[in-house]
Structures are given as C-alpha cells and as structure tokens.
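just the structure for this:
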Amino acid sequence: MADTGSDSNDRARGGIHVTNTGGNVTIGDNNTVTNTVGGTQPARDPQQEELLQAIRRLRADLGGVVASEQTTALDEELSDAEDEIEGTGRAGTGRLTRLRQALADAGAVSGILASGVAVAQAVGALLGG
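Residues are numbered from 1 along each chain as shown. A predicted model of the protein is given here:
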C-alpha cells in the first residue's frame, strides 16, 4: 500500500513542497497575491500630529503656486515627511532637518503662505529651536 501523504512521494512525482515561508508565495501563471496587514496606525504625539496636518495644508497650498525647482523639492520633502509620520508615527531628526532646509530654500513661497509658516514652526518645535 502506497503512502500518498508522504513528502518524499510528492517530491518524487514532481510535486511542490513549500515550508517555512516568511511571506506570501505564489506558483504558476496568473496568480495574485494580496498582503493585508492588520493593526492600527502608530501612535503619534500631538506635535507630530500638528506637523502632519500642517504638511498636508502646505502641500495643498503649493498646488496653487507657480512651480519652481525649490517648490518641487519642498513638495518632495513634504511628501516624504508625510509618509514617514504616517508609517512610523514620527518624523526623525534627519527628515526634519531636510524639511527645514527645503523650507528655507523655497523661502519666498513658504514664507508668505500661512501653512508654510505653520510647518516651519512645527519643525522648529520638534527640533528644539
């Protein structure tokens, strides 16, 4: 009597045996893998939440100004900071420093927009000055 449930029999017949995966596995054509991560967003302290909201307002306001190299770079830094806060719950010191520099580089635009001033103040508070 053959042991049809044996791993060695499956391998001998050309079967596929996958064990100890650390992620999703798909084999064959036209497969789809969906990875759903459960859980909640990382907790944010009030200063990080204030910065996130100010970043969102400034990004929206930047949509109404004539784009320049400086405003494009600023928007990219704002986007990266937004992603970091959403993903980890906080923007790190390096990110805040780059954001402060991008604000300074786009000074004329970010200085006249109330949302730009709010981001600069929130960054300053988080960096301690």
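
excluding its own residues, what touches stretch 92-101? List them.
Under the contact criterion C-beta atoms under 8 Å, 6 or more residues apart in numbering, stretch 92-101 has outside partners E77, L78, D80, A81, E84, A91, V119, A120, V123, G124, L126, L127. For glycine as for every other residue, the C-beta is placed from the backbone atoms N, C-alpha and C.

let's see 7 Å
Residues outside stretch 92-101 that contact it (C-beta atoms under 7 Å, 6 or more residues apart in numbering) are E77, D80, A81, E84, V123, L126, L127.

if I look at the first one, how far off is G128?
Using C-beta to C-beta, to the nearest Å, one gets 19 Å for the distance from E77 to G128.

and these two? Which one has more around it.
E77 (22 against 6; other C-beta atoms under 10 Å).

which helix or which strand is home to that one?
Element membership for E77 (DSSP states H and E) is helix 69-88.

same question for that helix, mean pLDDT?
Mean pLDDT, helix 69-88: 95.

that helix packs against which elements?
helix 46-62, helix 93-105 (3 or more C-beta pairs under 7 Å, 6 or more residues apart in numbering; DSSP states H and E).

mind putting those helices into JSON lines with mean neighbour count?
Formatted as JSON lines, the helices and strands packed on helix 69-88 follow (neighbours: other C-beta atoms under 10 Å):
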{"stretch": "helix 46-62", "mean neighbour count": "17"}
{"stretch": "helix 93-105", "mean neighbour count": "17"}
